[in-house]
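K.L.:
Okay, structure incoming, though there's no sequence with it:
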C-alpha cells in the first residue's frame with residue numbers, strides 16, 4: 001500500500017515533473033474516495049530555496065530522514081550533471097534496501113543510475129537523453145521506446161507527461177483501477193495511454209556520410225511512389241550492383257529497402273500531421289500502395305497506428 005510518499009528535490013529541479021508528483025500524490029482527494037497520502041517534499045537543505053530549471057525557486061520543508069519510512073520515494077527530473085550528492089544517493093540505496101518503491105520522472109533516472117540502482121535493471125528515460133544515459137550507465141537495460149518501465153520496486157518514466165502515466169500506473173497497481181481513474185478524472189487526463197514515446201521522437205532524415213550517394217538519395221526521396229531496385233539505383237549511381245549495395249550500407253547504415261521504407265513512413269507522418277487526406281490516399285502518396293502496408297510499417301517505426309498518431313499530432317485545419 002502507498003501511504004507515505006517522499007519526493008526528493010535538488011538544485012535545477014524541473015517544475016512540471018515535480019508538479020506531476022504533487023498532483024497525483026500531494027492533493028487531498030479523500031472526498032472523492034482516494035486514500036490519503038502522507039506527502040513529504042525533501043532535500044538536503046530543508047527550508048532553503050532550491051533553484052529550478054525555469055528561473056524560479058522552491059522550498060522543500062523536510063530533510064532526507066523522511067525517506068527512512070517512506071513507501072514510495074520519487075525523483076522528478078533535474079538538469080543532468082556528472083555527479084550527484086552522495087547524501088541523496090546513500091538515502092536512495094537505503095530506501096531501496098529496506099523495500100521502498102522508487103519512481104523517477106524523465107531525467108530523474110540518472111540519479112538512480114548514479115546510485116548504482118539501475119545496474120542490470122530495465123528502465124526508461126526521455127528519448128533525447130537515451131544515448132547519454134547508455135554511455136553513462138552501460139549496465140542498465142534502457143528501453144527508449146516506452147512511456148515507462150515497471151520493474152517491480154523501481155519504476156522509471158520517459159519525459160515530462162509520461163510521468164503522469166507512470167504515477168497513475170503505480171496507483172492502479174497498488175490501490176486499484178478505481179482509485180487511479182478517480183485521480184485521472186480530476187486531473188482531466190486519460191487513466192491509461194496507448195503507444196510509447198517513439199511517436200514523439202524526431203526521426204532525422206538519414207543522409208549519406210559523403211557526397212557520392214547523396215544525389216541518389218535525394219532522387220529516392222523525391223520519387224517515393226515508385227519501386228526502387230538495387231540494379232536500377234546502381235545504374236543511377238554508375239556503380240555495379242555489388243559495389244552500390246556495399247557502399248549504401250557503409251554510408252547510410254542500412255539497406256536501400258529499409259532506407260526508403262523509413263522515408264515513406266516519414267512522409268506519411270507529415271501527411272498525417274498536415275493534411276486531411278484519407279489513409280488510403282496517404283498510403284498511395286507515400287509509396288506503400290495499400291493502407292494495410294502503411295499501417296504495418298508505420299506502427300513498426302513510430303510505435304502507434306496512423307489514425308492514433310493523427311489524433312495526437314494533426315495540425316491541419
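P.N.:
Here it is on my side, so go on. Worth saying up front: this structure is predicted, and the values here are computed from it rather than measured.

K.L.:
residue ranges for the helices of the chain, please.
P.N.:
In the chain, the helices defined using DSSP state H lie at 15-25, 86-97, 109-114, 130-136, 162-175, 177-187, 214-222, 230-237, 241-252, 256-274, 279-285, 291-302, 306-313.

K.L.:
Looking at those, which is nearest to residue 79?
P.N.:
Minimum separation from residue 79 across these (CB to CB) falls at helix 109-114, 9.8 Å. Where C-beta positions appear, they are placed from N, C-alpha and C, glycine not excepted.

K.L.:
Just send the helices of the chain back as a markdown table, with distance to residue 9 too.
P.N.:
Below are the helices of the chain laid out as a markdown table (distance: least, CB to CB, whole Å):
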| stretch | distance to residue 9 |
| --- | --- |
| helix 15-25 | 7 |
| helix 86-97 | 10 |
| helix 109-114 | 11 |
| helix 130-136 | 21 |
| helix 162-175 | 15 |
| helix 177-187 | 21 |
| helix 214-222 | 47 |
| helix 230-237 | 55 |
| helix 241-252 | 44 |
| helix 256-274 | 37 |
| helix 279-285 | 46 |
| helix 291-302 | 35 |
| helix 306-313 | 31 |
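
K.L.:
Leaving out sequence neighbours, find the closest residue to residue 299.
P.N.:
Closest residue to residue 299 apart from its sequence neighbours, by CB to CB, 6 or more residues apart in numbering: residue 305 at 5.6 Å.

K.L.:
should've said residue 113
P.N.:
Leaving out its chain neighbours, the residue that sits closest to residue 113 by CB to CB, 6+ apart is residue 137, at 4.0 Å.

K.L.:
count of neighbours near the residue nearest to residue 299?
P.N.:
Neighbour count for residue 305, taken as other CB atoms under 10 Å: 18.

K.L.:
Might you report the residue contacts of it?
P.N.:
Residue 305 makes contact with 295, 298, 299 under the criterion CB atoms under 8 Å, 6 or more residues apart in numbering.

K.L.:
Residue 255 versus that one, what's the distance?
P.N.:
Residue 305 is 25 Å from residue 255, where distance means CB to CB, to the nearest Å.

K.L.:
Residue 233 now?
P.N.:
For residue 233, the distance to residue 255 equals 11 Å [CB to CB].

K.L.:
The two: who's more crowded?
P.N.:
Between residue 233 and residue 255, counted using other CB under 10 Å, the more crowded position is residue 233 (21 against 13).

K.L.:
Please give me every residue in contact with that one.
P.N.:
216, 220, 244, 248, 256.

K.L.:
Near the last one, how many other residues are there?
P.N.:
Same thing as residue 256. 21.

K.L.:
Repeat that for the third one.
P.N.:
As a burial measure, the neighbour count of residue 244 was computed by other CB under 10 Å and equals 21.

K.L.:
Surely it touches residue 234?
P.N.:
Yes: counting by CB atoms under 8 Å, residue 244 touches residue 234, with 3.7 Å between them.

K.L.:
check contacts around the spatially closest residue to residue 106 that is not a sequence neighbour.
P.N.:
The shortest distance from residue 106 to any non-neighbouring residue, by CB to CB, 6+ apart, is to residue 77 (3.6 Å). With contact set as CB under 8 Å, 6+ apart, residue 77 has these partners: 13, 14, 17, 53, 105, 106, 107, 108, 126, 159, 160, 163.

K.L.:
Surely the first one is in contact with residue 60?
P.N.:
No: counting by CB under 8 Å, residue 60 is not a contact partner of residue 13; they are 9.1 Å apart.

K.L.:
Hmm, residue 172 is touching residue 182, no?
P.N.:
No: counting by CB under 8 Å, residue 182 is not a contact partner of residue 172; they are 11.0 Å apart.

K.L.:
which neighbours do residue 233 and residue 255 share?
P.N.:
Common neighbours of residue 233 and residue 255 (CB under 8 Å, 6+ apart) are residue 248.

K.L.:
In the chain, where is pLDDT below threshold?
P.N.:
In the predicted model of the chain, residues 191-211, 315-317 satisfy pLDDT under 70.

K.L.:
which residue is nearest the middle of it?
P.N.:
residue 158 (3.4 Å; CA atoms, centre = their mean).

K.L.:
Would you confirm that that residue contacts residue 146?
P.N.:
Yes: Residue 158 lies in contact with residue 146 (CB under 8 Å); the separation is 6.9 Å.
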